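K.L.:
sequence plus the predicted model coming up.
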Amino acid sequence: MTISHLLLLKNANVHAPEALGLHQLLIGGGKILWMGAGDPGLSQALGAEVVDLQGQRLIPGFIDAHVHVSGGGGEAGHASRVPAPGLSRYTRAGVTTVVGLLGTDDLARGMPELLAHVYGLREQGLSAFAWCGGYHLPPSTLTGSVRGDIAFVEPILGVGELALSDHRSSQPTLDELLRVASEAHVAGLMSGKAGVVHLHLGDGERGLDLVRRTLDTSELPPRVFQPTHVNRRKALFEEAIALAQRGCHIDITAFPVEDGEDAWSAEDALLRYLDSDAPPQRVSLSSDGGGCLPSFDAEGRVTHMDVGDSWSLATTLQTLLARGLPLDRALPAFSCNPAALLRLHGKGRIAVGMDADLVALGDDGLPASVWAGGELHWQAGKAVRRGMFER
């Protein structure tokens, strides 16, 4: 009797993210069922599909925890709203888990639409979760409160991207930030979820001052606060490293940086972070995929607009490897670090019992094959699976 949906990956150079050398992996039911250095000799008896990776590096699928799954934008009029990215925009980049959110437009786009896109991505084989809220206060919610959303809506892990130091924000006060953070923290305790406040940082001179004040004046644990876009100004990045030393988790954005710009590219930022004395487990990378990347003039009007793409994570890893960073040092920021912060059990590592979210890297350091939940999505430069409305 043949058991279906079994896959044996042979001769995989596993980075779990630790370098483990050549292994064989048996995959079934979306999980890694067995792995070892020898051949189990069961593939024919079990009717497993066999794929010989011929020594390719096998890594955990990326966790992109800052994605506008329903589309971002809207800062330059209603026509500037960015369309929702299709499934293969994630998988071609090696992304197998996303956390969707709302940004500037948390009015026309609300939580029902965001969650519909999250559920739609799940139906297409991707692991997908959400932040409730958006840039503004009061936060956009489904149940009427941050605490209710996190406690009772399964995909919602925390609240974000609440905007600080940005002309588009609600200009929250210390008390307002403390109230939102306490709601998220308590809901996390109730539900066993992360209960994190994911904070959008603009380029305002106040930087992370409000976060420092919350740590100085409250009993909330530092892990509740996760500032993102911290590499958008060099001085802001130094503030972020200091917060990581106090126990916060910081998130680097893989957006384009021009020569001479007062910002660090994602690869420069990660290298600088790893060379500091901040804990290496308290940093992650995300793409701002599907989001608007606007430039503004002195009066706050959009002068230029780009769109974020999860592909920037793939090219960031490629650049880090080309610059000599060992793969096992680079990978945690893409995988096990965000998995640990967000309490995504089964994600971020290659081990027996973990989800079979796997990426085989080509010789060029880019994803060659991508499996999400053990199902092949991307191979040899082509999407094996596409979203329903992708061409």
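P.N.:
The structure has been received and is ready for your questions.
K.L.:
skipping adjacent residues, who's closest to residue 133 in space?
P.N.:
Nearest residue to residue 133, sequence neighbours excluded (Cβ to Cβ, 6 or more residues apart in numbering): residue 139, at 3.4 Å. Quick note: C-beta positions are derived from backbone N, CA and C, even for glycine.
K.L.:
roughly how far does residue 158 sit from residue 365?
P.N.:
32 Å (Cβ to Cβ, to the nearest Å).
K.L.:
any idea of the mean pLDDT in stretch 362-374?
P.N.:
Average pLDDT, stretch 362-374: 97.
K.L.:
and that stretch, which residues are buried?
P.N.:
365-374 (16 or more other Cβ atoms under 10 Å).
K.L.:
what's next to that stretch, contact-wise?
P.N.:
With contacts defined as Cβ atoms under 8 Å, 6 or more residues apart in numbering, stretch 362-374 is touched by 5, 7, 27-31, 51, 53, 56, 61, 91-94, 96, 125-127, 314-315, 317-318, 321-322, 355-361, 376-380.
K.L.:
which of those residues fall within strands?
P.N.:
Applying DSSP state E to these, the entries found in strands are 7, 27-28, 31, 51, 96, 127, 358-361, 376-379.
K.L.:
residue 29: neighbour count?
P.N.:
Neighbour count of residue 29, defined by other Cβ atoms under 10 Å: 10.
K.L.:
scratch that, residue 107 is what I was asking about
P.N.:
12.
K.L.:
and the pLDDT for it?
P.N.:
pLDDT at residue 107 comes out at 88.
K.L.:
residues touching it, list them.
P.N.:
residue 140.
K.L.:
and the residue minimising distance to the centre of the chain, what element?
P.N.:
In the chain, the residue lying closest to the centroid (Cα atoms, centre = their mean) is residue 64, at 1.9 Å. Per DSSP states H and E: residue 64 is located in strand 62-67.
K.L.:
show me what that strand is packed up against.
P.N.:
strand 95-100, strand 250-253, strand 283-286, helix 311-322, helix 336-341 (3 or more Cβ pairs under 8 Å, 6 or more residues apart in numbering; DSSP states H and E).
K.L.:
dump those into a markdown table; add distance to residue 273 as well.
P.N.:
Conversion of the helices and strands packed on strand 62-67 to a markdown table gives the following (distance: least, Cβ to Cβ, whole Å):
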| stretch | distance to residue 273 |
| --- | --- |
| strand 95-100 | 21 |
| strand 250-253 | 7 |
| strand 283-286 | 5 |
| helix 311-322 | 12 |
| helix 336-341 | 11 |
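K.L.:
mind putting the ones you listed in JSON lines, mean pLDDT included?
P.N.:
Formatted as JSON lines, the helices and strands packed on strand 62-67 follow (pLDDT from 0 to 100):
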{"stretch": "strand 95-100", "mean pLDDT": "98"}
{"stretch": "strand 250-253", "mean pLDDT": "98"}
{"stretch": "strand 283-286", "mean pLDDT": "98"}
{"stretch": "helix 311-322", "mean pLDDT": "98"}
{"stretch": "helix 336-341", "mean pLDDT": "98"}
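K.L.:
how about the ones you listed, which one is nearest residue 271?
P.N.:
When the helices and strands packed on strand 62-67 are compared by Cβ to Cβ, helix 311-322 sits nearest residue 271, at 7.3 Å.
K.L.:
and after the closest one, which helix or strand comes next?
P.N.:
Assignment by DSSP H and E places the next element after helix 311-322 at helix 327-330.
K.L.:
hey, which helix is longest across this protein?
P.N.:
helix 174-191 (DSSP state H).
K.L.:
if we look at it, which residues are touching it?
P.N.:
For helix 174-191, using Cβ under 8 Å, 6+ apart, the contacting residues are 133, 137, 139, 145-152, 158-159, 162, 164, 170, 172, 193-197, 210-211, 213-214, 217-218, 220-221, 224-225.
K.L.:
among those residues, which lie within helices?
P.N.:
Short answer: the contacts of helix 174-191 in helices (DSSP H) are 146-152, 210-211, 213-214, 217.
K.L.:
which among those residues count as buried?
P.N.:
146-151, 210-211, 214.
K.L.:
tell me the domain boundaries of this structure?
P.N.:
6-59+348-383, 61-341 (automatic domain parsing).
K.L.:
make JSON lines out of these and add distance to residue 389.
P.N.:
JSON lines is the format used below for the domains of the chain (distance: least, Cβ to Cβ, whole Å):
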{"stretch": "domain 6-59+348-383", "distance to residue 389": "13"}
{"stretch": "domain 61-341", "distance to residue 389": "7"}
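K.L.:
residue 390: which of these is closest?
P.N.:
With Cβ to Cβ, the closest approach to residue 390 among the domains of the chain belongs to domain 61-341: 4.1 Å.
K.L.:
span of the closest one from start to end?
P.N.:
With Cα to Cα, to the nearest Å as the measure, domain 61-341 spans 16 Å from end to end.
K.L.:
report the contact partners of residue 355.
P.N.:
Residue 355 neighbours (Cβ under 8 Å, 6+ apart): 30-32, 127, 346-347, 373.
K.L.:
now these: which count as buried?
P.N.:
30-32, 127, 346-347, 373.
K.L.:
just flag the most distant two among these.
P.N.:
Those two in those that are separated most widely, counting by Cβ to Cβ, are 32 and 127, at 14.7 Å.
K.L.:
returning to what we had before: contacting residues around the strand holding residue 64?
P.N.:
Residues contacting strand 62-67 (Cβ under 8 Å, 6+ apart): 85, 90, 93-101, 160-161, 198, 228, 251, 253, 284, 286-291, 310, 313-314, 334-335, 338-339, 342, 344, 347-348, 359.
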